[in-house]
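S.K.: The sequence and its predicted three-dimensional model are supplied below.
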Amino acid sequence: VIYTAVSTGLRQAELLGLRWRDIDPDIMLSISVNRVLYKRRGVCEFKEPKTSHSRRLVSMTPKLAVFLREYRQERKSLYRELGKGVNPDDLVFANVEGKPLDPSVLTHNFARIAKRSGLQNVRFHDLRHTFASLMLLRGAKPKVISEALGHSSVAFTMDAYSHIIEGMQSDAMALLDEVLPVGKNGIPQKNNAKLTPTHSIMLSNN
């Protein structure tokens, strides 16, 4: 569940609400978010996403697709040993009995794993921020990231990650200096340097 979280930016409640019918790691390489899992007064409940933007289709990376295919096969083998099969309505992330994972237990276990790895005060929700940050730094368009996260608007996404965007703008200006050197009297000099793909992405996104 951790790898899927950081690879898609899905919220914890969205991940825990996924059924096998909601994911397609074989053809479309996509995840359909159409319900969430919340815990209220000690009881796990499935509900519809709060907004229309939260109900969305999220693309998955080829590596995540391979991971989910292998994970699905492992679940099938486990269920076979228990005398049952995997059906489309089964939860993707569940306990051995196929029941929902407790959100609070997952949160606690993640914090323990993070601390053991030397990461202090890292929350499960921070995996979502990591996804968005990596996407921005790799040159993904803000609109694409906003849609993947299920935000209400691109403006909200830009505001939430403004600190990263500001850093990208500074880097882009430094790159501009490299490709547009200035000679005496402020006259641009001829520069034979070629833009690399990374330069092109950064300059086009800022």
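M.R.: Alright, I've got the coordinates. Please read these numbers as outputs of a predicted model, since none were measured by experiment. Residues are numbered from 1 along each chain as shown.

S.K.: wait, what's in contact with the spatially closest residue to residue 131 that is not a sequence neighbour?
M.R.: In space, and not counting its chain neighbours, residue 131 is closest to residue 9: 3.6 Å by CB to CB, 6 or more residues apart in numbering. Glycine gets a C-beta too; all of them are placed from N, C-alpha and C. Contact analysis of residue 9 by CB atoms under 8 Å, 6 or more residues apart in numbering lists 58, 127-128, 131-132, 135, 145, 148-149.

S.K.: Would you mind giving those residues as TSV with distance to residue 68 added?
M.R.: Supplementary listing: the contacts of residue 9 in TSV, determined by distance: CB to CB, whole Å:
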residue	distance to residue 68
58	13
127	16
128	18
131	16
132	21
135	19
145	21
148	17
149	20
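
S.K.: what about the longest helix in the chain?
M.R.: The single longest helix within the chain, with elements called by DSSP state H, is helix 62-81.

S.K.: What residues of that one count as buried?
M.R.: Buried residues in helix 62-81, defined by neighbour count with 16 or more other CB atoms under 10 Å: 64-65, 67-68, 71-72, 75, 79.

S.K.: which one of those residues is nearest residue 94?
M.R.: Using CB to CB, residue 75 comes nearest to residue 94 of those, at 8.3 Å.

S.K.: residues in contact with the closest one?
M.R.: Residues in contact with residue 75 (CB under 8 Å, 6+ apart) are 86, 90.

S.K.: I'd like to know how far it sits from residue 36.
M.R.: Noted for residue 75: a distance of 21 Å to residue 36, by CB to CB, to the nearest Å.

S.K.: Any buried residues in stretch 26-46, and which?
M.R.: Buried, per 16+ other CB under 10 Å, within stretch 26-46: 31-37.

S.K.: Grab the CA positions of that stretch and hand them over as PDB.
M.R.: Only the C-alpha atoms of stretch 26-46 are listed here, as PDB (Å, rounded to 0.1, in the frame of the first residue of the first chain):
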ATOM      1  CA  ASP A  26      -3.000  -5.100 -17.500                       C
ATOM      2  CA  ILE A  27      -4.300  -2.900 -20.300                       C
ATOM      3  CA  MET A  28      -5.200   0.700 -19.400                       C
ATOM      4  CA  LEU A  29      -2.800   1.000 -16.500                       C
ATOM      5  CA  SER A  30      -5.200   3.000 -14.500                       C
ATOM      6  CA  ILE A  31      -7.000   3.200 -11.100                       C
ATOM      7  CA  SER A  32     -10.600   4.300 -10.800                       C
ATOM      8  CA  VAL A  33     -11.300   6.200  -7.500                       C
ATOM      9  CA  ASN A  34     -15.000   6.000  -6.800                       C
ATOM     10  CA  ARG A  35     -15.200   5.200  -3.000                       C
ATOM     11  CA  VAL A  36     -13.300   5.800   0.200                       C
ATOM     12  CA  LEU A  37     -12.900   4.000   3.500                       C
ATOM     13  CA  TYR A  38     -13.400   5.900   6.800                       C
ATOM     14  CA  LYS A  39     -13.400   4.800  10.400                       C
ATOM     15  CA  ARG A  40     -16.200   6.200  12.500                       C
ATOM     16  CA  ARG A  41     -16.600   5.300  16.100                       C
ATOM     17  CA  GLY A  42     -14.600   2.200  15.700                       C
ATOM     18  CA  VAL A  43     -16.500   1.000  12.600                       C
ATOM     19  CA  CYS A  44     -15.100   1.100   9.100                       C
ATOM     20  CA  GLU A  45     -17.500   2.500   6.500                       C
ATOM     21  CA  PHE A  46     -17.300   2.800   2.700                       C
END
